[in-house]
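J.: Predicted model, plus sequence, below.
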Number of protein chains: 2
Amino acid sequence: MNKITRAKDLMIPSVTTGPIAGSAKTYSSPEGHAGIRVPFREIQLSPSSGEGAFRVYDPSGPYTDANATLDLEAGLPRIREAWIKERAVEAYDGRNVKPEDNGNVSGAAAARVFPNVPRPYRASLVAHGDSRSASRPPCADASSPSPRARGEGRGEGQPSAQALDGGNASHSTPRATVQASAPHPNPLPVRTGRGDLALNGAGDSAAGSRPPAQCITQYEFAKAGIVTQEMIYVAHRENLGRAAALERAKAAIGDGDSFGAAIPEHITPEFVRDEIARGRAIIPANINHAELEPMIIGRNFLVKVNANIGNSAVTSSVEEEVEKMVWAIRWGADTVMDLSTGRNIHTTREWILRNSPVPIGTVPIYQALEKCGGDPVKLTWELYRDTLIEQCEQGVDYFTIHAGVRLPYVPLTANRVTGIVSRGGSIMAKWCLAHHRESFLYERFEEICDLMRQYDVSFSLGDGLRPGSIADANDRAQFAELETLGELTQIAWKKGCQVMIEGPGHVPMHKIKVNMEKQLRECGEAPFYTLGPLTTDIAPGYDHITSGIGAAMIGWFGTAMLCYVTPKEHLGLPNRDDVKTGVITYRLAAHAADLAKGHPAAQLRDDAVSRARFDFRWEDQFNLSLDPDTARSFHDETLPKDAHKVAHFCSMCGPKFCSMKITQDVRDYAARLNEAAVELAEETTQIDPDSGLDADAREAGMREMSEKFKEMGGQVYVKSE
Amino acid sequence: MNKITRAKDLMIPSVTTGPIAGSAKTYSSPEGHAGIRVPFREIQLSPSSGEGAFRVYDPSGPYTDANATLDLEAGLPRIREAWIKERAVEAYDGRNVKPEDNGNVSGAAAARVFPNVPRPYRASLVAHGDSRSASRPPCADASSPSPRARGEGRGEGQPSAQALDGGNASHSTPRATVQASAPHPNPLPVRTGRGDLALNGAGDSAAGSRPPAQCITQYEFAKAGIVTQEMIYVAHRENLGRAAALERAKAAIGDGDSFGAAIPEHITPEFVRDEIARGRAIIPANINHAELEPMIIGRNFLVKVNANIGNSAVTSSVEEEVEKMVWAIRWGADTVMDLSTGRNIHTTREWILRNSPVPIGTVPIYQALEKCGGDPVKLTWELYRDTLIEQCEQGVDYFTIHAGVRLPYVPLTANRVTGIVSRGGSIMAKWCLAHHRESFLYERFEEICDLMRQYDVSFSLGDGLRPGSIADANDRAQFAELETLGELTQIAWKKGCQVMIEGPGHVPMHKIKVNMEKQLRECGEAPFYTLGPLTTDIAPGYDHITSGIGAAMIGWFGTAMLCYVTPKEHLGLPNRDDVKTGVITYRLAAHAADLAKGHPAAQLRDDAVSRARFDFRWEDQFNLSLDPDTARSFHDETLPKDAHKVAHFCSMCGPKFCSMKITQDVRDYAARLNEAAVELAEETTQIDPDSGLDADAREAGMREMSEKFKEMGGQVYVKSE
């Protein structure tokens, strides 16, 4: 691994580049879409394996491409810009960066500004004549429902935002749609369904004082029956290995238990569109994050992993944060959340976004809080809204918004062992109590929707009341909030936005499944995005593991994305090693979940590793693993010599005795067995694990087998000569 | 931590001693049994906590006792010797150590011999006149059933051992029994039931050419209704914290799902006896391991953890292995298996046993294989039997015996991805095929029982055909063997032996539960002792985690002891750090399982950690954790100053903003809330997580709540003045 460091300016971040050991970046285009280049990683296996290169999903971006030309000051290639420009968007002069965006930092403390900030896009306006179309938009409900319990608990009855009545809807033809059958070097959105692209109310002045905007979210396209390039991209990306799985007769095609998920053998762009239209999946993809390599989050797709990074008031620099992002995706993070709370927040985020091939999420209230000196009481809707616009324009792909922390729920946390542990949740709780008012995030939720949909920023509805300890798991505060998140999901969908739901937290194993079941029920199957959960509180320093247990389980049960936890959880900020350990731990948990769900292609990799292990192909075993460097170094601690990499033994048993070797002998013997004897053995010991086969029947079978062996001359195997 | 090293002889092992940070060893005696001193560890909490010292289970032995006088050459105090001597045992001149016991090592390569080898005990003989008693023994079935399928598959019909007919049974009075109500400074076995101590057939000449021996196993005592000192000891040990749990009104008493286990609120010695008599629990405790601090393994007790150590032909020394044992129990290993396969095996084991307060397990076939030059084909019953006697006399507490690897099952493994990965399993498979014969372990199983019961060595029936990859999980080979282990369990019980059953291996999450269910059904609820299982094959270097996931789950489902896996699994021999990481990972998995099972006292520790966390009692949080040293060092990486240990903030959020602090504010506010308002809030948001409370009912409740708030003057909380 080489580091890019430019001597001319130490403030330019240096990042880790180069291929992961034993593998190479490759690109593949979906049939008929040569302009869409989907990245994969191919692991080269030794010739003795008789197996071709093993292809794996790869979120690491150009950083692991030996042939890529990287320039951090320029940012990554803006591969989506051509697609986006063909949609109903407009470039405009964005909001000016204000001193408070970076914590009023100045002089030497100020981080170097990203030199090539692009002009932002937003959904273009509905032409005036179109704004009162007769046809009801299929992709957005302009009737603007209020939150079910809206206004309740608002003790003082202060005014709320005006409900956005219908009438803004319009039948419009999106600027760019072509037939699915028309191959195109630079494919455009493809209309496959019968729906029409439509608009949504952009509402009152809150959303940037703009009249209704055109439909540009993936959800709106999907509802309108339009397949976007992003959908084609992720379908190809997710299909990884499935064709190979179907080809191999011996490959085990998922025999898992998916608890009602519906994972197809093959993913089509139309399947992707349908899942998004049903709200069961999202493609977090701000139109201003053109550098993004699209990915999808949903129960019927591969389980994804998020890694959190971010500086804080105490430590960390811009340079470190960009490198953490690159480092996290190198090891398999599918999205990255920038949770910075210190200074230089805006600048750090710009560097991250311009250089990130994965979706970036944020919690905008963190920055809003910085802007009012860290005092939650001083937060205002205007300040928050300004922060949303700032981040929408930068290209943040999803926002955690704790709109479910409602005033009446706050007292429910009073008797908890650990109260409110979510930062966003505690900020909003304090604000509510201090002002004796319902949360402005809840009251202004429609305005937030209207704003976010102009950029296609996805919601990650935050679980501000998640349990912070085993004692508080599944309590009334947690579930009351989850129900409210369900209500808000319906509103966001009606507004045309993509939505996922955040989940706990600290939950003992026996209380995990009900979390998933309730989330699916309350939130209309919107993707669940959980933090762990941690299955015990007693192991600080090992919380990547306490939570990896819960993450694997809830991933199996249906969670679409797992938010990683590092060994430093509860103790400090993760460093480079911690980030890697957290990502690898969650990658293995996500894979364990995919396996258990019966994902058609998941087991291919396990089988490849196991074959390599059995064959003593050490290098292949290392390279096929999630972390080749660690596997190799652990092996080399005991047997460092290169000769040992091809040795048919390992340090556990030594050269004189090895169970794998003996097994090969057994296999050689068995190969010489009379075929009939093998079949007989298999028949007579056939076991149905669920039936608890009757013991007498089994005994009878064994007796029969014994007799047949005797008939065969009392020989277990027949001489090979 | 200080190291004991004697300059005069570098071959004397040095080990890690001293208390675990923040805690002290304490001893407690069960009421009426002042002579039984059960060790615990007490974690001191800061005065501001308002909480007393927190007591935890402690398998670490005198090494963590600041007041202990340790002399590795003398071994640990033989606390059980007085109990054992009062039983029907005899000291005798044991088998002479032979050169092949240590791999014919000599000269400088020979490890220093333990200087104070004790004379071994064995069950004493039944007096000649007693050998044909009329009364049928309650604790052992002398009718000596053959294995159900015995002789089947023995293609060539070579002679098997004679069945051991009844007639050896005798009504004898054990030498030492007193009434349970009689307190005694040095308590003896206590008779509480109606049964009588009885003998068992010791059978033909195989078992040391001895006539029938007296009953001395914990199983036999239990069946006879006799409560031993070991049972009293483990009852007191397991009761840890339960009284405290019952006292604290607020403590959550287990609300888990135990899948049919029956964990009582309070453990009595009689409960222990009953569980052992039912075969559902074992106290592995060779009468020659008098240094042992007794512990119990069973589904209705705390989930236990085993750590494997052992040298191999490639690396490791005696000194390292003893230190590994001490190191493993320091961090929480409840038992240790010595899996040495190289030279100096006998000597290493002697040092380990004489200095081990926890049960030591072995796989005798490993040493037997060493004795015949590593060639499985040369193994003989006589060689194996001699090895069993050698290890019985040394004091090994449980033997892994792969008697379920039967000849007809071997071909079932031929098409596996990873064949046979158990060393013991592959040795026996090779032997069976090479000789065209049924396994001698299976054929001689009764003789093995007769031998082991003279020393009360427990069976750990090995899963020689366990799956070594996801692809091979739950296959016919695995389950055929499990059924045979169930048959052998019945025989071992009838012979008076304690039994547990070993389990997989590599198993994806969705196939774990059926393993537990089938084991309980086939093996009559004998304790399950599983290796992991690993839930994916793709993460070498992180297999403590891939397996920790499976271990936590199967522990929840009912596994009684979890065999740890270290980060070096599949790659190399674990070093000191790996052993610690493996043990801590498995301790947290076992605790997560106890929590999920609803163990009455488990959550007390989570709650204590979480209270410390919420109160910013950093030192308490560290000290209450499974690994105080790591927790502290992780914290100090970011905030090293002592002042930070009392700071009410952490490095994640910094001093300006902290969710915990805000929560405290919220709590302060809530404390001032009108009581009625709190109750109202709780009532109107009451949620039954399983019912999916009707949305309309909920909405109505919310509306009612809103109205009441308005009635209260539109104020959420009442002014405190």
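T.: Noted; the coordinates are in hand.

J.: quick one, helices of the stretch 351-500 of chain A?
T.: For the stretch 351-500 of chain A, the helices defined by DSSP state H, counting those that start in this stretch occupy A:364-371, A:381-394, A:423-435, A:440-443, A:445-453, A:476-494.

J.: Can you check my assumption that A:W83 lies in a strand?
T.: No - counting by DSSP: H, G, I helix; E, B strand; the rest coil, one finds A:W83 to be helix, located in no strand.

J.: wait, doesn't it sit right on A:T228?
T.: Yes - at 7.4 Å, A:W83 counts as touching A:T228 under the criterion of C-beta atoms under 8 Å. All C-beta atoms are positioned from the backbone trio N, CA, C, and that covers glycine.

J.: neighbour count winner among these two?
T.: A:T228 (30 against 23; other C-beta atoms under 10 Å in any protein chain shown).

J.: Roughly how far does the more buried one sit from A:Y219?
T.: 11 Å (C-beta to C-beta, to the nearest Å).

J.: where in the stretch 551-700 of chain A is pLDDT low?
T.: The model of the stretch 551-700 of chain A has pLDDT under 70 over residues A:639-665, A:669-700.

J.: now chain A
T.: A:1-13, A:128-211, A:241, A:243-254, A:312-317, A:639-665, A:669-721.

J.: Next, name the residue at the spatial heart of it.
T.: Nearest residue to the geometric centre of chain A (C-alpha atoms, centre = their mean): A:K304, 3.7 Å.

J.: hey, where'd the helices end up in the stretch 201-350 of chain A?
T.: Along the stretch 201-350 of chain A, counting by DSSP H, counting those that start in this stretch, helices occupy A:218-223, A:229-238, A:242-247, A:269-277, A:318-330, A:345-354.

J.: Including mean neighbour count and distance to chain B, could those go into a markdown table?
T.: Putting the helices of the stretch 201-350 of chain A into a markdown table (neighbours: other C-beta atoms under 10 Å in any protein chain shown; distance: least, C-beta to the nearest C-beta, whole Å) gives the following:
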| stretch | mean neighbour count | distance to chain B |
| --- | --- | --- |
| helix A:218-223 | 28 | 23 |
| helix A:229-238 | 26 | 18 |
| helix A:242-247 | 15 | 13 |
| helix A:269-277 | 23 | 23 |
| helix A:318-330 | 24 | 13 |
| helix A:345-354 | 26 | 13 |
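
J.: Take those helices and write them to JSON lines, including distance to A:P600.
T.: What follows is those, written out as JSON lines (distance: least, C-beta to C-beta, whole Å):
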{"stretch": "helix A:218-223", "distance to A:P600": "23"}
{"stretch": "helix A:229-238", "distance to A:P600": "11"}
{"stretch": "helix A:242-247", "distance to A:P600": "5"}
{"stretch": "helix A:269-277", "distance to A:P600": "13"}
{"stretch": "helix A:318-330", "distance to A:P600": "25"}
{"stretch": "helix A:345-354", "distance to A:P600": "34"}
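
J.: Tell me where the stretch 51-200 of chain A has strands.
T.: In the stretch 51-200 of chain A, the segments counted as strands under DSSP state E, counting those that start in this stretch are A:54-57, A:89-91, A:121-123, A:178-179, A:190-191.

J.: ditto for the stretch 401-550 of chain A
T.: Under the criterion DSSP E, counting those that start in this stretch, the stretch 401-550 of chain A contains strands at A:458-461, A:499-503, A:528-531.

J.: now for the last one, which elements pack on it?
T.: The reference is to strand A:528-531. Contact here means 3 or more C-beta pairs under 8 Å, 6 or more residues apart in numbering or on different chains; DSSP states H and E; on that basis strand A:528-531 packs against strand A:499-503, helix A:512-522, helix A:543-557, strand A:561-563.

J.: Give me the residues contacting it.
T.: Here strand A:528-531 makes contact (C-beta atoms under 8 Å, 6 or more residues apart in numbering or on different chains) with A:297, A:299, A:306, A:460, A:466, A:500-505, A:515-516, A:519-520, A:547, A:550-551, A:554, A:558-563, A:565.

J.: list the buried ones in stretch A:592-602?
T.: Residues A:A592, A:A593, A:D594, A:L595, A:A596, A:K597, A:G598, A:H599, A:P600, A:A601, A:A602 are the ones in stretch A:592-602 that count as buried (16 or more other C-beta atoms under 10 Å in any protein chain shown).

J.: same deal with stretch A:519-527?
T.: A:Q519, A:L520, A:E522, A:C523, A:G524, A:E525, A:A526, A:P527.

J.: got the contact list for the fifth one?
T.: It refers to A:G524. A:G279, A:G486, A:T489, A:Q490, A:W493.

J.: report the longest helix in chain A, please.
T.: Counting residues, the longest helix found in chain A (DSSP state H) is helix A:576-597.
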